[in-house]
Structures are given as C-alpha cells and as structure tokens.
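> structure here, sequence nowhere to be found:
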C-alpha cells in the first residue's frame, strides 16, 4: 500500500476525498485486505474521537 493510498483512505474517513479519487480508493478497498483493515481502523479511531 502506497502513501498516496493511505492518504486517500484517511481523506475518505474524514469525508474530504475528491470525487476523482473516490473510485480509486473504493477499488483499492475492495481488492486489498490491508487497505480495508486500515479503513476499518481509521473509522474506529474517528468514531472514538468524535464521540
């Protein structure tokens, strides 16, 4: 997983992703288990910080 993908996952969780990147990051999440797990962790952290 590249730094760019990590940044895109973070932007997705923060609802700051650009429309042009959304398709790319969704494809990455569906084909790469490590990326999907990172997305889950980022979401958990985000939920804890916001609540």
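Looks like it arrived, so ask away. This structure is a prediction, so every number in the text was calculated from the model and none was measured.
> could you find the closest non-adjacent residue to the spatially most central residue of the chain?
Taking Cα atoms, centre = their mean, the centroid of the chain lies closest to residue 9, which sits 2.0 Å from it. With Cβ to Cβ, 6 or more residues apart in numbering as the criterion, residue 9 has its nearest non-adjacent residue at 5.2 Å, and that residue is residue 39. The way it works is simple: take the backbone N, C-alpha and C, and place the C-beta from them, glycine included.
> quickly find the element holding the one you found.
helix 33-50 (DSSP states H and E).
> how about that helix: buried residues?
Within helix 33-50, the residues scored as buried using 16 or more other Cβ atoms under 10 Å are 35, 38-39, 42.
> in CSV, list those residues along with distance to residue 49 and pLDDT.
Shown next, in CSV, are the buried residues of helix 33-50 (distance: Cβ to Cβ, whole Å; pLDDT from 0 to 100):
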residue, distance to residue 49, pLDDT
35, 21, 96
38, 16, 97
39, 16, 97
42, 11, 96
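> and those residues, which two are the farthest apart?
For the buried residues of helix 33-50, the maximum inter-member distance is 10.5 Å, found between 35 and 42 (Cβ to Cβ).
> intersection of neighbour lists for those two?
residue 9 (Cβ atoms under 8 Å, 6 or more residues apart in numbering).
> and for stretch 44-51, what are the contacting residues?
13-14.
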